[in-house]
Each structure stands twice: as C-alpha cells, then as structure tokens.
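Peer 1: Sequence and predicted structure are below.
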Amino acid sequence: MREVECGFGDANGIQGSQILINCGPIIDVQIGYDPNFDINKIHISGLPKLGQKKYRALIDTGATGSSIDKDLANSMGLHIVDKGSMIVGSGVQEFDRYLAQIYVPSLGWGEHGFFMEYI
C-alpha cells in the first residue's frame, strides 16, 4: 500500500494536530483533462499531461465521490459532461459533473473520472 504523510506541522503557535482537526487531511495534486490520455495505454503513453501547477486537495475518507470547485473547473477549461445528484445539508440537489484526471505526485498515483461541481 502506498503511503504519504499529509498533515500539518506546528505554525504560529498552533499545534499541527489542531490544524489537521480544523482543516482536514490535505495533499498536493495536479488536476485537469488530457483528451489524449488513455488509461488502457498508460504503460505506453505514461501519465496524463495536466501541467505542473499543484492544487491543495482535501482527502475525505467518508466521501463516495469526488468534487471540484466550480470556479476552478471553469478556469481550467473543464467541460460539463452531465448532471448528478448529491446529498447536501438541505437535501438532495442536482449539480454539474466534469470529466477530469487527478494525479498525486507524492504517491505516484492518479485517477480519472467524474468530479461533481462544488459551489
């Protein structure tokens, strides 16, 4: 199993463990969409070309899907591919879904699929 440390050190007089409680486990990722990437040919073509910019992502171990900030998705030029339902505090709502690829450099691992819009 791949492992990586994704916590916080002490900062500004606040213990790293308290920052972890307040912010959750966060890790740097690359995200985008490479239309030429084929998961079935990864051993030949390598990883998707997502650019070098890294974004901070929250690891939600209780989630059943992935989400992406709507403004970030739009700034990256990700396309809406359909809509999906998600349970939120006020009930079930319908949101746009984007197709994207995500890569975690520190794990040497990536995933592709749908990302629900997060407002």
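Peer 2: Cool, the structure landed. Residues are numbered from 1 along each chain as shown.
Peer 1: Count the residues that sit near residue 58.
Peer 2: Neighbours of residue 58 under the rule other CB atoms under 10 Å: 12. Quick note: C-beta positions are derived from backbone N, CA and C, even for glycine.
Peer 1: Repeat that for residue 65.
Peer 2: 12.
Peer 1: swap in the one 3 residues further on?
Peer 2: Around residue 68 there are 23 other residues, counting by other CB under 10 Å.
Peer 1: which ones are touching it?
Peer 2: The contact partners of residue 68, taken as CB atoms under 8 Å, 6 or more residues apart in numbering, are 31, 78, 98, 100, 115-118.
Peer 1: Show the buried residues in the residues you listed.
Peer 2: The neighbour count (16 or more other CB atoms under 10 Å) marks 31, 78, 98, 100, 115-117 as buried among the contacts of residue 68.
Peer 1: Point out where this structure drops to low pLDDT.
Peer 2: Residue ranges of the chain with pLDDT under 70: 6-7, 43, 119.
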